[in-house]
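> Quick one, fold the following:
(one chain, ligands or ions: 3)
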Amino acid sequence: MKFCIKCNQELGAHIYGLHEQCFSDWFLISMHQKFKNINPQKNSISSSYSKIQQKKDTFFHGRYKKFSATLNEVDYILKVQETKYPDLPYMEYTCNRIATLLSLAVAPYKFIEFQERPTFVTRNFMQDYTGTLNHIYKFLPKGEKHHNCKQIAKVIMTETKNLNEVIKFVKMCLFDAFIGNNDRHGRNIGLIASSKKTLLSPMYDNPSYFGTEEENVLGADLNLSGSVWTSKSKEPRIKDYVEEFIQMGFTKICLEFKKKVLTQFPKIKKEVEQSYISEKRKTHFLLFLQKKIKEFENVK
Ligand SMILES: Nc1ncnc2c1ncn2[C@@H]1O[C@H](COP(=O)(O)OP(=O)(O)OP(=O)(O)O)[C@@H](O)[C@H]1O
Ligand SMILES: [Mg+2]
Ligand SMILES: [Zn+2]
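Ligands and ions are numbered 1, 2, ... in the order given. Here you go, the predicted model:
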């Protein structure tokens, strides 16, 4: 990386692709420390996890896309750039920045260079709890049709007994529809259960589909829909979600979200423009966001 992604300034000597000062400011460490206990992580599309575990020493060759690691005794997950999806770490970082601009509760995140590859870093939030992370699919009957707004909201309400946690889910669906994240499947929504209470986990795995689409297909007018179905739609867009959530009694939340997106849009736009996503991808992603802004403007 030629620039430090934290401060956007030119980079000379660096630690993990950041200025020494930026690195220590971001990770709250005072001296030069390194990531330790680096372990390849199981990923849903890898069938050879056991082999990977046996061959940890080869990970430097960039075979793996995810690692757990500790820095100054804090646990992180490193999502390393893959050859097939070069822009994905940048997109994931940018989408998390957008979520932050919208005041959504995302897992803390950073960006580094790891083994000479751009890497999205997320702080393992489970170290803040004595409990277990359960993916939402475990609470739902099998089948895509059950992965819908009402059933998921019902599970969250039953498990957490807290309407605020359901509201976080409502905002998550609106956010995904806005950025074009069509991958909010049953493992990408989590509940943290401890002996005292259950909570919706911070949002994780939040990139737009625009981060993975092949560059030469990008020109097409991608018409992305959310992966959490509504009562009326298997391909829900913003208006379908709003209709559903109004029916469920969340009119105020939808209108507040609309207002937030509209007021923050100049900053969101700037965030995307300044990102390290390729120019072509950036252009199409911005056009998509602009289209979504129009859809939000039509929400009454
Ligand atoms: N910040 C975090 N803290 C704790 N656990 C996390 C965090 N981020 C992700 N996870 C866990 O790790 C799993 C994989 O992470 P993530 O979904 O970001 O990776 P992915 O490779 O995009 O997804 P998949 O493995 O489903 O293809 C998640 O399903 C979740 O259980
Ligand atoms: Mg995932
Ligand atoms: Zn810097």
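
> following the top helix by length along the chain, which helix or strand comes up?
Ranked by residue count and defined by DSSP state H, the top helix of the chain is helix 251-273. Following helix 251-273 in sequence order, the next helix or strand is helix 279-297 (DSSP states H and E).

> got the angle for that next one vs helix 251-273?
160 degrees (axes from the mean of the first three to the mean of the last three C-alpha atoms, to 10 degrees).

> from the middle of its chain, how far away would helix 279-297 be?
Put simply, helix 279-297 sits 18 Å off its chain's centre (C-alpha atoms, centre = their mean, to the nearest Å).

> Buried residues of that helix, list them for me.
By neighbour count on 16 or more other C-beta atoms under 10 Å, the buried set for helix 279-297 is 281-282, 284-286, 288-289, 292-293, 295-296. No exception for glycine: its C-beta is placed from N, CA and C like everyone else's.

> What of stretch 27-41?
For stretch 27-41, the neighbour count (16+ other C-beta under 10 Å) marks 27, 35, 38-41 as buried.

> how about TSV for these, with distance to residue 251 added?
Converted to TSV, the buried residues of stretch 27-41 look like this (distance: C-beta to C-beta, whole Å):
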residue	distance to residue 251
27	41
35	46
38	48
39	46
40	46
41	41
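
> Break this structure into its domains for me.
1-34, 35-125 (automatic domain parsing).

> After the lowest-mean-pLDDT helix or strand in the chain, which helix or strand is next?
One helix or strand of the chain scores below all others by mean pLDDT, DSSP states H and E: helix 49-54, with a mean of 38. Sequence order places strand 66-71 as the next helix or strand after helix 49-54, per DSSP H and E.

> helices and strands around the helix or strand just after that following strand, which ones?
Remark: after strand 66-71, the chain's next helix or strand is strand 74-80, criterion DSSP H and E. Packing partners of strand 74-80 (3 or more C-beta pairs under 8 Å, 6 or more residues apart in numbering; DSSP states H and E): strand 66-71, helix 88-101, strand 109-114, strand 117-123.

> Residues contacting the second one, please?
Just to be clear, that refers to helix 88-101. 5, 79-82, 106, 109, 111, 118-120, 175, 179, 181, 203, 206-208, 210-212, 264, 267-268, 271-272, 275-277, 281, 285 (C-beta atoms under 8 Å, 6 or more residues apart in numbering).

> Now, of the residues you listed, which are buried?
For the contacts of helix 88-101, buried by 16+ other C-beta under 10 Å: 5, 79-82, 106, 109, 111, 118-120, 175, 179, 181, 203, 206-208, 210-211, 264, 268, 271-272, 275-277, 281, 285.

> on that earlier part again, out of the domains of the chain, deepest packed?
domain 35-125 (a mean of 17; mean count of other C-beta atoms under 10 Å).

> From the opening residue of that domain to its closing one, how far?
17 Å (C-alpha to C-alpha, to the nearest Å).

> again with stretch 130-144
For stretch 130-144, the end-to-end distance is 31 Å (C-alpha to C-alpha).

> Within range of ligand 2, give me the residues from this protein.
188, 205 (C-beta under 5 Å from the ion).

> run the last query once more with 6 Å
Within reach of ligand 2 by C-beta under 6 Å from the ion, the chain has these residues: 187-188, 205.

> and which of the residues you listed is nearest ligand 3?
For those, the closest approach to ligand 3 (C-beta to the ion) belongs to residue 205, at 26.3 Å.

> doesn't the closest one fall inside a strand?
No - looking at residue 205 with DSSP: H, G, I helix; E, B strand; the rest coil, it is coil, so not inside a strand.
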